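A.B. asks: Please find the sequence and the predicted model below.
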Amino acid sequence: MANQRTLSIIKPDAVAKNVIGEIESRFEKAGLKIVAAKMQQLSQAQAEGFYAEHKERPFFQDLVGFMTSGPVVVQVLEGENAIAANRDLMGATNPKEAEAGTIRADFADTIDANAVHGSDSPESAEREIAYFFQDSEICPRG
Ligand code: RTP
Ligand code: MG
């Protein structure tokens, strides 16, 4: 599998717990490189647009409320098979079902406040990266 990019978000619960560095460390130890990153407070419109695919789901308003409850770190990770590699590091959406040693098992409390987001396909990664970053904000690292 070729070099790939994926969008990662460290969600408000993990930022509030002060575990940004511990989460970044897991990406770096797994060989993923951070090629773009910024901390920001998402607006309601930004969060709704980002999660538009879920807008008919019953949890949508809670999800948007949570994602705007505090700052997040939005970033692009690059590496071999980065999309699946990141999802493996994250663990299952529901932390109660996440494998031991995954980010969600170790840092998430509930299915709503689950520490991290990661793109789930090449198509999502392309859309999500472009949603937050201009090409000029991404720094290829070879
Ligand atoms: P994410 O998009 O945040 O990386 O998470 P995911 O792919 O593992 O899960 P997804 O199905 O895309 O859902 C997006 C976020 O919505 C919340 N959710 N709540 N209450 C529920 O049944 C439920 N299902 C999903 C989660 O916070 C999930 O991360
Ligand atoms: Mg998802």
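C.D. replies: Sure, I can see it. Ligands and ions are numbered 1, 2, ... in the order given.
A.B. asks: where does the chain have low pLDDT?
C.D. replies: For the chain, applying pLDDT under 70 flags the ranges 1.
A.B. asks: Pull up the residues of it that are close to ligand 1.
C.D. replies: 54, 59, 63, 93, 111-112, 114, 117-118, 120 (C-beta under 6 Å from any ligand atom). Just so you know, the C-beta spots here come from the backbone N, C-alpha and C atoms, and that holds for glycine as well.
A.B. asks: Closest to residue 134 out of the residues you listed?
C.D. replies: Of all the residues of the chain next to ligand 1, residue 134 sits closest to residue 117, with 19.9 Å by C-beta to C-beta.
A.B. asks: count of neighbours near the closest one?
C.D. replies: Neighbours of residue 117 under the rule other C-beta atoms under 10 Å: 21.
A.B. asks: Residues touching the helix or strand hosting it, excluding its own?
C.D. replies: According to DSSP states H and E, residue 117 maps onto strand 116-118. With contact meaning C-beta atoms under 8 Å, 6 or more residues apart in numbering, strand 116-118 is reached by 6-11, 14, 23, 83, 86-87, 90, 103-104, 107-108.
A.B. asks: 6 Å instead?
C.D. replies: The contact list for strand 116-118 (C-beta atoms under 6 Å, 6 or more residues apart in numbering) reads 6, 8-10, 86-87, 90, 103.
A.B. asks: show me where this structure has strands.
C.D. replies: 3-10, 33-40, 72-80, 116-118 (DSSP state E).
A.B. asks: Among the residues of the chain next to ligand 1, name the buried ones.
C.D. replies: Buried members of these, scored by 16 or more other C-beta atoms under 10 Å, are 63, 111, 114, 117-118.
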